[in-house]
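J.: what's the 3D shape of this:
(chains A and B)
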Amino acid sequence: MNKIIQTDPDQVEDVGPLYAARKNVYPQSVFGTFRRIKWGLMAFCLDVYYLLPFVRWNRGLGAPDQAVLIDLPNSRFYFFFIELWPQEVYYFTGLLIIAALTLFLMNSVGGRIWCGYLCPQTVWTDLFYAVERLIEGDRRERMRKAASADPLKLGRVSEIVLKHSIWLLIAWWTGGAWVLYFTDAPTLVKELVTFQAPAIAYIWITILTATTYLLAGFMREQVCVYMCPWPRIQAALTDEWALNVTYRYDRGEKRMSVKKANELRALGLPAGDCVDCYQCVAACPTGIDIRNGPQIDCIQCGLCIDACDNVMKKIGGPTRLIGYDNDINIQRRMAGKPPIYRIVRPRTIIYTALIALVGGVMLYALLTRSLLDINVLHDRNPVAVKLSDGSIRNAYTVRLLNKRGFDRVVTIDVDGPQDAVLHVVGDDSITPDRPMVVLGRDGTTELRVLVTAPSEKNTEKSIPTKFRITDIGLGEIASAIDNFVLP
Amino acid sequence: MAESELDGVSGKTTTGHEWDGIKELNTPLPRWWLITFYASILWAIGYWVVYPAWPLLWSYTRGALNYSTRAAVGVELAILEKIRGDKMIALGAASLADIEKDPALLTLARARGKAAFGDNCAPCHGSGGAGAKGYPNLNDDDWLWGGSLDQIVQTIQFGARSGHTKTHEGAMLAFGKDGILKRDEIGTVANYVRSLSGLSTRQGYDVAAGAKIFAENCTSCHGEAGKGNQELGAPNLTDKIWLYGSDEATLSETITNGRAGVMPAWVGRLDPSTIKALAVYVHTLGGGK
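T.: Next comes the predicted model:
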């Protein structure tokens, strides 16, 4: 039964506003092992992204010499020695599968390595924070400036303007590098500088400048917490052996001052190592407290490890109160057993094996793929034609693919109906029984092919027919099977 | 009625919704999300103002931009015509024989021809030119009015029995209906015609009489050997292809009532380069001479 409840106006107000305002995060600068690793990886990722379009790769005359190029007008994708056609887009499916499995493997070994060190959102946010820190000062100073109610002075205004200008510059450079992957980079740079580039280039640069500026400058950790699906998936995929950035509460609790801990230890009583200095919280780029345990907001960048280690060194305590560890080991230490680590276990072995398998299949497919190909499409209406002398003719649309960077000549023949005669429409070559066709470099050639055969000798309703092309220079062969049909 | 209360564990208030004792915590949306949501609503209202949006009883709100998809298609078609212009001029300038030797022109002509064929010819000849009873199959090598490129152009331009002054004329007479041949004579000559292309004949029909009737009535158009005459559109009776059918009943019907299938003239309805493209398309279906 429904209960009738009197609405109390005071309680309705308790519901609060419809939104939760973002709590601003002011990460403190840190130094240490993980900060150095992060600087190194940031430099590497940014260098690859910004410089890769300028790497050259010689593919011979008439072909683009850019190592990595997505050529949309000609629908080709170039990656160093690989050239892909639109119909080979399944290689990207393979790459995506490998990427997903690598993410799983990283996760089962060391938690959110991707989130903490390699994800573009992390890399650019980290870079934007570095700029902010350089201009506006470290955590305390930035918090003081943000909270200040004083009217803006020239110095503060110029700081803000400078910060956003540098952010926008980085964002613009990021958007600019993106478009370079889609056309010859040096040419486009020249055109961009002289304002002669196509409008679409400027539009894309503007869009990506805006997204970089917004995502790295303002959205920051909200992208990870609200928008990204990976933290949710990651939480479901992790296991008890995966190393995660962990606060060792077995060692840390109860939190107390150094002095008090020393006193307790002198009495032979248990004492915690955590001095509750909040340095781990201050350093955190997502503004959380790692001591609350694993949480979806934690990108596991390891900066709290550095922050905590620095404090521990100062007070003469053992480091790695926060470190890469797992819950099993905390339980074991509490039980007085030594910690155990297991990187090689069924989960990691299976992921590695799957990566090797998919990678191997892709490599094999890539190395053995044909650079000459033929597709045959049977005429549908009519499927077969009776000629005045009673013989039967079928017509086909034949598409020949030459994936090499030079023109070549192929002959065509069919193997199927008895005494079949082949004719290519528009062809009067000197070898009418084996018509010769020139295939342009890196492209397709479409032909209309007629196959005629006497009806007395071919009585089956449908005869499997093999169309074969042979490169007369290289001897490469490609074939396709279709049918020769009687009316 | 909703009663909000404070949840002791999380320190948050509840929304007051309750299902079988399960209560929902009030976890508000981020501000940016809410702003985006309101912005979307504003955007939709702006859209109503600018673009056609609301159906009215006999019309619709046209919007401030006066946009219509139909006008947009018109603009795109005009652009397409402009792009095609040069190529269609090249097609118009090239001779029929040259088109088939130039792969680029051949591809263009076949594509244009195929489109025009679908729009204009397919209702009678079928979408692939396979024809039907009374409508010739354009894929085979049997041609009533000739299968060379020039002859095909001629036929497309002026049609057959279309009423145009330059059209193909000549029709099969109604030998039975007009009282030229008697019923049994028609049966005899029908069997004779079947024998010309090696088809079986009725047992005991008078071969000599059939040959005589044929020589007296049919050879002026179909020729002494029955091989037909493309000048008159008289079909070859010795091959394996039959426009209306080869059984005795159909042949008798043809001889009794005559035949005069009509193809309209396309000159003036299609521009010259389209007719050229159509001729190349039909010629390259396979049967072109």
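J.: C-alpha from now on. contacts and neighbour counts both.
T.: Will do.
J.: all helices of the stretch 201-350 of chain A, in order?
T.: Along the stretch 201-350 of chain A, counting by DSSP state H, counting those that start in this stretch, helices occupy A:221-222, A:230-237, A:249-252, A:258-266, A:279-283, A:303-314, A:327-334, A:346-368.
J.: can you check the stretch 1-150 of chain B too?
T.: Shown for the stretch 1-150 of chain B, the helices assigned by DSSP H, counting those that start in this stretch span residues B:31-50, B:69-93, B:96-101, B:103-120, B:122-125, B:149-158.
J.: I'd like the ones you listed laid out as JSON lines, including distance to chain A.
T.: Conversion of the helices of the stretch 1-150 of chain B to JSON lines gives the following (distance: least, Cα to the nearest Cα, whole Å):
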{"stretch": "helix B:31-50", "distance to chain A": "5"}
{"stretch": "helix B:69-93", "distance to chain A": "16"}
{"stretch": "helix B:96-101", "distance to chain A": "5"}
{"stretch": "helix B:103-120", "distance to chain A": "8"}
{"stretch": "helix B:122-125", "distance to chain A": "11"}
{"stretch": "helix B:149-158", "distance to chain A": "13"}
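J.: out of the helices of the stretch 201-350 of chain A, which gets nearest to chain B?
T.: In terms of Cα to the nearest Cα, the element of these nearest to chain B is helix A:221-222, at 9.2 Å.
J.: and the residue nearest to A:Arg404 when sequence neighbours are not counted, what does it touch?
T.: Closest residue to A:Arg404 apart from its sequence neighbours, by Cα to Cα, 6 or more residues apart in numbering or on different chains: A:Asp442 at 5.4 Å. A:Asp442 sits next to A:Leu401, A:Asn402, A:Lys403, A:Arg404, A:Gly405, A:Phe406 when contact means Cα atoms under 8 Å, 6 or more residues apart in numbering or on different chains.
J.: is it true that B:Ala215 touches B:Gly226?
T.: No - under the criterion of Cα atoms under 8 Å, B:Ala215 is not in contact with B:Gly226, lying 9.5 Å apart.
J.: how is A:Asp413 assigned, secondary-structure-wise?
T.: On the three-state scheme (DSSP: H, G, I helix; E, B strand; the rest coil), A:Asp413 is labelled strand.
J.: so what's it bridging to?
T.: Going by DSSP bridges, A:Asp413 is paired in beta bridges with A:Arg468.
J.: ok, A:Val451 next?
T.: Note on A:Val451: beta-bridge partners A:Asn394, A:Leu422, judged by DSSP bridges.
J.: pLDDT wise, what is it at?
T.: Among the per-residue scores, A:Val451 shows a pLDDT of 93.
J.: please apply the same query to A:Lys153.
T.: What the model reports as pLDDT for A:Lys153 is 87.
J.: what is the burial count for it?
T.: Residues lying near A:Lys153 (other Cα atoms under 10 Å in any protein chain shown) number 8.
J.: domain ranges for chain B?
T.: Taking automatic domain parsing as the reference, chain B has its domains at B:1-67, B:71-166+B:264-283, B:183-257.
J.: what helices and strands are in contact with the lengthiest strand in chain B?
T.: Secondary structure of chain B read by DSSP state E shows that its longest strand is strand B:14-19. Using 3 or more Cα pairs under 8 Å, 6 or more residues apart in numbering or on different chains; DSSP states H and E as the contact definition, the elements that strand B:14-19 packs against are strand B:22-25.
J.: which helices and strands does the strand it packs on pack with?
T.: Of the remaining helices and strands, those touching strand B:22-25 by 3+ Cα pairs under 8 Å, 6+ apart are strand B:14-19.
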